[in-house]
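**Q** Okay, predicted coordinates and the sequence, questions at the end:
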Amino acid sequence: AQKITQTQPGMFVQEKEAVTLDCTYDTSDPSYGLFWYKQPSSGEMIFLIYQGSYDQQNATEGRYSLNFQKARKSANLVISASQLGDSAMYFCAMRDGGNNRLAFGKGNQVVVIP
Amino acid sequence: DVKVTQSSRYLVKRTGEKVFLECVQDMDHENMFWYRQDPGLGLRLIYFSYDVKMKEKGDIPEGYSVSREKKERFSLILESASTNQTSMYLCASSPGEATRTQETQYFGPGTRLLVL
């Protein structure tokens, strides 16, 4: 069964606007971690932000924030003030407690236009 | 900074060839992973290793094998390359302690393999 779901089609975003990327997950483990990665066209996967299942507050890292809604099992990434360099594929991933493996979603393509 | 390197960025091989993809990390990480990435399918785990000479199958191990003789190096082997193994291959590493859910994986730059 798919653990991470990213269903949005490719998105065009106007520079300086905010964009929200949806991610829903499925786990029965109370301890888990959620990650977002960015993959530009060059191919490397860049870690952006992490949210733990027991964290009381939503994670933030600069222009990235995570809208964590535990009851809905969603962990949406919000990128504020989009820049041209934000054009990339974005992957949501989850790691269950006691497990070294990450389960990845299929990704969201974002293109920022001037 | 963690550095994960992969032996080639681009590789072209012929059907039936034996292919070695090498991955090296310099942060003394216990865990290492091999993924393949295909459009519309995201990243799929092929194999991972949590210690030297230890390996576990991921979600799509068929047609692949791995080797981890040293802690810093994790090799992916295609015994007899086929055209359906044309893909992007990503290596990653992470520290040990499976109970620490916050430890991210650090990725190499990827190898784009074309099998003709």
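**A** Structure's in. What do you need? Residues are numbered from 1 along each chain as shown, chains lettered A, B, ... in the order given.
**Q** For the residue most central in space within chain B, list each beta-bridge partner.
**A** For chain B, B:Trp34 is the residue whose C-alpha lies nearest the centre (CA atoms, centre = their mean; 2.4 Å). For B:Trp34, the beta-bridge assignment (DSSP bridges) gives partners B:Tyr47, B:Cys91.
**Q** What does the pLDDT read for it?
**A** Note for B:Trp34: predicted pLDDT of 97.
**Q** got a list of what it touches?
**A** For B:Trp34, the contacting residues are B:21, B:23, B:45-48, B:58, B:64, B:66, B:74, B:76, B:89-91, taking CB atoms under 8 Å, 6 or more residues apart in numbering or on different chains as the criterion. C-beta: built from backbone N, CA, C; applies to glycine.
**Q** how about the residues of chain A that lie near chain B?
**A** Residues of chain A lying close to chain B by CB under 8 Å from any CB of the partner chain are A:6, A:31-33, A:35, A:37, A:42-47, A:50, A:52-53, A:91, A:95-102, A:104-107.
**Q** 6 Å instead?
**A** Counting by CB under 6 Å from any CB of the partner chain, the positions of chain A adjacent to chain B are A:31-33, A:35, A:43-45, A:47, A:50, A:52, A:95, A:97-98, A:100, A:102, A:104-107.
**Q** Could you list the low-confidence segments of chain B?
**A** Scanning chain B for pLDDT under 70 picks out the ranges B:1-2, B:97-101.
**Q** Now B:Arg112: which helix or strand?
**A** Assigning secondary structure by DSSP states H and E places B:Arg112 in strand B:111-115.
**Q** Partner strands of that strand and their direction?
**A** Note on strand B:111-115: by DSSP bridges, its sheet partners are strand B:10-13 (parallel), strand B:87-94 (antiparallel).
**Q** What are the buried residues along that strand?
**A** Within strand B:111-115, the residues that qualify as buried by neighbour count (16 or more other CB atoms under 10 Å in any protein chain shown) are B:Thr111, B:Arg112, B:Leu113, B:Val115.
**Q** and what of stretch A:3-12?
**A** For stretch A:3-12, the buried set under the neighbour-count rule, 16+ other CB under 10 Å, comprises A:Lys3, A:Ile4, A:Gln6.
**Q** Do you have the strands of chain B handy? List them.
**A** In order along the chain, chain B carries the following strands (DSSP state E): B:4-6, B:10-13, B:19-25, B:31-38, B:42-49, B:56-57, B:65-70, B:73-78, B:87-94, B:106-107, B:111-115.
**Q** Help me see whether the first one makes contact with chain A, please.
**A** The one in question is strand B:4-6. No. Residues of strand B:4-6 are not located near chain A by CB under 6 Å from any CB, the shortest gap being 9.3 Å.
**Q** what about that strand, distance to the chain center?
**A** For strand B:4-6, the gap between its own C-alpha mean and the chain's C-alpha mean amounts to 10 Å (CA atoms, centre = their mean, to the nearest Å).
**Q** contacting residues for residue 107?
**A** This is for chain A. Under the criterion of CB atoms under 6 Å, 6 or more residues apart in numbering or on different chains, the contact list for A:Gly107 reads A:Met89, A:Phe91, B:Gly42.
**Q** wait, I meant chain B there
**A** The contact partners of B:Phe107, taken as CB under 6 Å, 6+ apart, are A:Met45, B:Leu90, B:Ala92.
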